[in-house]
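J.: How does the following fold in three dimensions:
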Amino acid sequence: MGYRVRGGSKCVDNTRLTFVTTQVLVNEPDWIDLIDFVVVDEVHERNWQTDLLLTLLKRKMRDGSWKGKVVLMSATVEVKRSEGRSDKLAAKILTRRIARA
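T.: Now for the predicted structure:
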């Protein structure tokens, strides 16, 4: 397990899990091609970096250049507030799964 932030990194060649900031992925979009899963926490907190990251991931998935999986997490998902955003469908799915549990 390692981490990567602006100005620093603690990873080795066999690191399997790396925590990175949204800023790292936005500034180095080619790095996304090396990742199998992206977990975006606190997705309800709107900022330009998260919106840009979700847009980049969506485009890569649409054109088939990235086969990874995206997990959007939020303790306070509000489907109405997320209308028109790339996490709208995820919010609906999460809401349904939580309701069944």
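
J.: Which secondary structure element of the protein has the lowest mean pLDDT?
T.: Taking mean pLDDT, DSSP states H and E as the measure, helix 88-100 is the helix or strand of the chain with the lowest mean score, a mean of 48.

J.: And the helix or strand harbouring residue 54, what's buried?
T.: Counting by DSSP states H and E, the element that carries residue 54 is helix 48-62. Under the neighbour-count criterion of 16 or more other CB atoms under 10 Å, helix 48-62 has 50-51, 53-54, 56-57, 60 buried. Backbone N, C-alpha and C define where each C-beta goes, glycine included.

J.: Check stretch 23-37 too.
T.: 24-26, 32.

J.: Now do the same for the residue nearest the centre of the chain: its pLDDT.
T.: Centroid check for the chain by CA atoms, centre = their mean gives residue 40 as the closest residue, at 3.6 Å. We have a pLDDT of 86 for residue 40.

J.: for it, which residues make a bridge with it?
T.: Applying DSSP bridges to residue 40 gives these bridge partners: residue 72.

J.: now residue 10
T.: Beta-bridge partners, per DSSP bridges, of residue 10: residue 3.

J.: That one contacts residue 2, correct?
T.: Yes. Between residue 10 and residue 2 there is a contact under CB atoms under 8 Å: 4.8 Å.

J.: circling back to that earlier point, what would the buried residues of stretch 23-37 look like in a markdown table with pLDDT, distance to residue 69 and secondary structure?
T.: Formatted as a markdown table, the buried residues of stretch 23-37 follow (pLDDT from 0 to 100; distance: CB to CB, whole Å; DSSP: H, G, I helix; E, B strand; the rest coil):
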| residue | pLDDT | distance to residue 69 | secondary structure |
| --- | --- | --- | --- |
| 24 | 85 | 19 | helix |
| 25 | 86 | 15 | helix |
| 26 | 86 | 19 | helix |
| 32 | 84 | 12 | helix |
